[in-house]
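**Q** Here is my input, please return the structure:
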Amino acid sequence: MKRIALLLTISLLSLTLSAQRHAPQPKPADPPKPYGPVPTAAQVAWQRMEMNMFCHFGPNTFTGLEWGEGTEAEDIFNPTALDCNQWVSVAKQAGFGGIILTAKHHDGFCLWPNPMSTHTVRESAWRNGKGDVLRELSDACKKGGLKFGIYISPWDRNAPTYGTEAYNKVFLKTLRHAHTNYGPIFEQWFDGANGEGPNGKKQVYDWKKFNGQTKKLQPNAVIFSDVGPGCRWVGNEEGKCGRTCWSRLDVAGFGPGADAPSQDTLNAGNYNGACWIPAETDVSIRPGWFWRESEHPKSVQELLKIYYNSVGRNSLLLLNVPPDNRGLIPAEDSLRLMEFRAALDSIFAHDIAKDAVFFFTTIASISPVDNIFNDEYDSYWATEEWTRTGMVELHFHEPQTFNRILLQEYIPLGQRVERFHIEIMEEDGWRTIAEETTIGYKRIVLTETVTTKKVRLLIDQSRACIVLNRFGLFMDNILP
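**A** Residues are numbered from 1 along each chain as shown. Below you'll find the predicted structure:
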């Protein structure tokens, strides 16, 4: 349906709707100035992936442990039917943009022939010591059109030099070998896990050198840790990002692991954070991180809830799907992912808002408001620099039923909105159905199921002029 734009006049005290039709669109103007810290191109591309697959795989797959001791015999790693192309096929059909593999977990076992270790696939009987999981997954991702990332734990319960300054040099060479032999890496995943070495001392990690070398060798890699610098841990493993979630974080005086900010801070970010370090929500499809025959995947409803609480709250979702002891994604996990994908496709197949006639704050606009109803990421509705509030109102010819509201800010220009609410028209007037705080890259607001002919979005407070690139309405019949 062709949209008709009507003029809204704004007074200092309230927003009042004009009776004029066919209001003129704003003339093209210079884009708004960036506000605060802004993401790099790599960070924007990373956030737009929205969901990636984590694969915890290694000796723990065969022992049933979550954290290996580092003393396990290399031969215990023996997948009988490893097929990384199958991993990629499952991930791609589920809608993931990339796969991150635990190339080295805390036990120190390396899934590639790392020359800096004697605890690797090279020392195992698997494929006569010629196997290389990192190579197979890297090649499979290239073939399948997915991005490839790696987790390399700095903690190493097998390395004899762990707990000494010498280990930092070993770890740097380990990173270098992985970063220079396995193609482009879109995300390097670090955690701050740390334990005592053979000398009884904990390792003092040289994060400055670890991150510096990573950026030099893989300049487009987004580096994950509690404090980034590319993206941050969300503060829990429950699949929950904060209802308020800033992509900004203060890192001065903090570090990964024991030196990290509080979990509340990681969950919500910092209002005036100096750095752009968005949240990543890591959670497993199963109770544990590594495959166990006794465990089973979460339900579709549970996965949808996680999606809304992560992607829907300005975070990226990193969903762990562990391969089994054959080296395959189990059938029940694959089926659950396909059901999850089908549910998302069903919910977001039809944007009710695209059928509306809309009203908007023409007086304060510098770009067309109908940009928020298309699917072009780099088009947006922006208001004049002096504005901090705004409204978009939708009218329908027939009553519409929905319970999900999708909003997006154009994050290349920063994160701005700090408070908004949604109203619907009922017989006795406007009623608020949702009040929230931040938007960021994407916000999905869950509401009661409502039926109405009029909906309006009111930006109550923005830190700079409003820059939105999406406003959608959807109906979820799967997760009430």
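
**Q** Going by C-alpha atoms from here, please, whenever you check contacts or count neighbours.
**A** Will do.

**Q** residues in contact with the residue nearest the centre of the chain?
**A** Central residue of the chain (CA atoms, centre = their mean): Leu316, 0.7 Å from the mean position. Contacts for Leu316 (CA atoms under 8 Å, 6 or more residues apart in numbering) come out as Gln47, Met49, Glu50, Met51, Asn52, Ala279, Glu280, Thr281, Ser310.

**Q** Tell me what the fourth one is bridged to.
**A** Here Met51 sits in beta bridges with Leu317, going by DSSP bridges.

**Q** confidence score at it?
**A** You'll see Met51 listed with a pLDDT of 98.

**Q** That one touches Ala94, doesn't it?
**A** No: applying CA atoms under 8 Å, one finds Met51 not in contact with Ala94, separated by 9.3 Å.

**Q** Roughly how far does the residue nearest to the centre of the chain sit from Gln218?
**A** 21 Å (CA to CA, to the nearest Å).

**Q** Any regions of this protein where pLDDT drops low?
**A** By pLDDT under 70, the low-scoring segments of the chain are 1-29, 360-365.

**Q** And it, what are its domain boundaries?
**A** Using automatic domain parsing, the domains assigned to the chain come out as 6-28+350-474, 41-347.

**Q** which residues in the stretch 151-300 of the chain form helices?
**A** Here the stretch 151-300 of the chain has its helices, by DSSP state H, counting those that start in this stretch, at 165-181, 207-217, 263-268, 300-310.

**Q** And the contacts of the second one?
**A** I take that to be helix 207-217. The contact list for helix 207-217, computed with CA under 8 Å, 6+ apart, reads Leu172, Leu175, Arg176, His179, Thr180, Gln188, Ala221, Ile223.

**Q** how close does the residue nearest to the centre of the chain sit to Gln47?
**A** Applying CA to CA, the value for Leu316 to Gln47 is 6 Å.

**Q** Please apply the same query to His119.
**A** 35 Å.

**Q** Also Arg443?
**A** Separation of Arg443 from Gln47 (CA to CA): 13 Å.

**Q** name the element Lys92 belongs to?
**A** helix 84-94 (DSSP states H and E).

**Q** Please name every helix or strand in contact with the helix or strand following that helix.
**A** Of the helices and strands lying after helix 84-94 in sequence (DSSP H and E), the nearest is strand 98-104. If contacts are counted by 3 or more CA pairs under 8 Å, 6 or more residues apart in numbering; DSSP states H and E, strand 98-104 sits against strand 51-55, helix 84-94, helix 133-144, strand 147-152.

**Q** circling back to that earlier point, just send the contacts of Leu316 back as TSV, with neighbour count too.
**A** Shown next, in TSV, are the contacts of Leu316 (neighbours: other CA atoms under 10 Å):
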residue	neighbour count
Gln47	22
Met49	17
Glu50	23
Met51	25
Asn52	26
Ala279	35
Glu280	29
Thr281	27
Ser310	30
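
**Q** Dump these into CSV; add distance to Gly192 as well.
**A** Below are the contacts of Leu316 laid out as CSV (distance: CA to CA, whole Å):
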residue, distance to Gly192
Gln47, 23
Met49, 25
Glu50, 24
Met51, 23
Asn52, 21
Ala279, 16
Glu280, 15
Thr281, 16
Ser310, 22
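
**Q** Number of residues surrounding Phe420?
**A** 20 (other CA atoms under 10 Å).

**Q** Got phi/psi on the closest residue to it other than its chain neighbours?
**A** Excluding the flanking residues, the one nearest Phe420 by CA to CA, 6 or more residues apart in numbering is Ile459, at 4.4 Å. For Ile459, the backbone dihedrals (degrees, to the nearest 10) come out as phi -80, psi 110.

**Q** got the contact list for Ile459?
**A** Neighbour list for Ile459: Arg388, Thr389, Gly390, Met391, Val417, Arg419, Phe420, His421 [criterion: CA under 8 Å, 6+ apart].

**Q** which residues pair with it across the strands?
**A** Under the criterion used (DSSP bridges), Ile459 bridges to Gly390, Phe420.

**Q** Going by distance to Glu295, which of the contacts of helix 207-217 wins?
**A** Of all the contacts of helix 207-217, Gln188 has the smallest distance to Glu295: 28.1 Å, by CA to CA.

**Q** Quick check: the gap between that closest one and Leu175.
**A** From Gln188 across to Leu175, the span is 10 Å (CA to CA).

**Q** intersection of neighbour lists for those two?
**A** Common neighbours of Gln188 and Leu175 (CA under 8 Å, 6+ apart) are Ile152, Thr214.

**Q** out of these two, which sits in the more crowded spot?
**A** Shown here are Gln188 and Leu175; by other CA under 10 Å, Gln188 has more neighbours (24 against 20).

**Q** Leaving out chain neighbours, which residue sits closest to the more buried one?
**A** Leaving aside its sequence neighbours, Gln188 sits nearest to Ile223 (CA to CA, 6+ apart; 4.9 Å).

**Q** shouldn't the one you found be in contact with Ile152?
**A** No: if you go by CA under 8 Å, Ile223 and Ile152 don't touch, sitting 11.4 Å apart.

**Q** Need the overlap of contacts for those two.
**A** Listed as contacting both Ile223 and Ile152 by CA under 8 Å, 6+ apart are Gln188, Trp189, Phe190.

**Q** got the helices of the stretch 151-300 of the chain as TSV, with distance to Ser124 columns?
**A** As requested, the helices of the stretch 151-300 of the chain are exported to TSV (distance: least, CA to CA, whole Å):
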stretch	distance to Ser124
helix 165-181	19
helix 207-217	28
helix 263-268	39
helix 300-310	36
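
**Q** Out of these, the one nearest Leu82 is which?
**A** Ranking those by proximity to Leu82 (CA to CA) places helix 165-181 first, at 20.2 Å.

**Q** which helices and strands does that closest one pack with?
**A** Judged by 3+ CA pairs under 8 Å, 6+ apart, helix 165-181 is in contact with helix 207-217.

**Q** What are the buried residues along the helix it packs on?
**A** By neighbour count on 16 or more other CA atoms under 10 Å, the buried set for helix 207-217 is Phe210, Asn211, Gln213, Thr214.

**Q** Ok, stretch 218-225 next?
**A** Gln218, Asn220, Ala221, Val222, Ile223, Phe224, Ser225.

**Q** Could you verify my assumption that Ile100 touches Cys55?
**A** Yes: counting by CA under 8 Å, Cys55 is a contact partner of Ile100 at 6.1 Å.

**Q** ok, Ile478 - how many residues close by?
**A** 12.

**Q** Apologies, that question was intended for Thr164.
**A** Neighbour count for Thr164, taken as other CA under 10 Å: 17.

**Q** Does it touch Tyr205 like I think?
**A** No: using CA under 8 Å, Thr164 is not in contact with Tyr205; the gap is 9.6 Å.

**Q** hang on, the earlier thing: contacts only, for the residue nearest to Gln188.
**A** Ile223 makes contact with Glu187, Gln188, Trp189, Phe190, Asn211, Pro229, Gly230, Cys231, according to CA under 8 Å, 6+ apart.

**Q** Turn those residues into a markdown table, columns for distance to Leu335.
**A** Listed next are the contacts of Ile223 as a markdown table, based on distance: CA to CA, whole Å:
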| residue | distance to Leu335 |
| --- | --- |
| Glu187 | 27 |
| Gln188 | 28 |
| Trp189 | 27 |
| Phe190 | 30 |
| Asn211 | 38 |
| Pro229 | 35 |
| Gly230 | 32 |
| Cys231 | 30 |
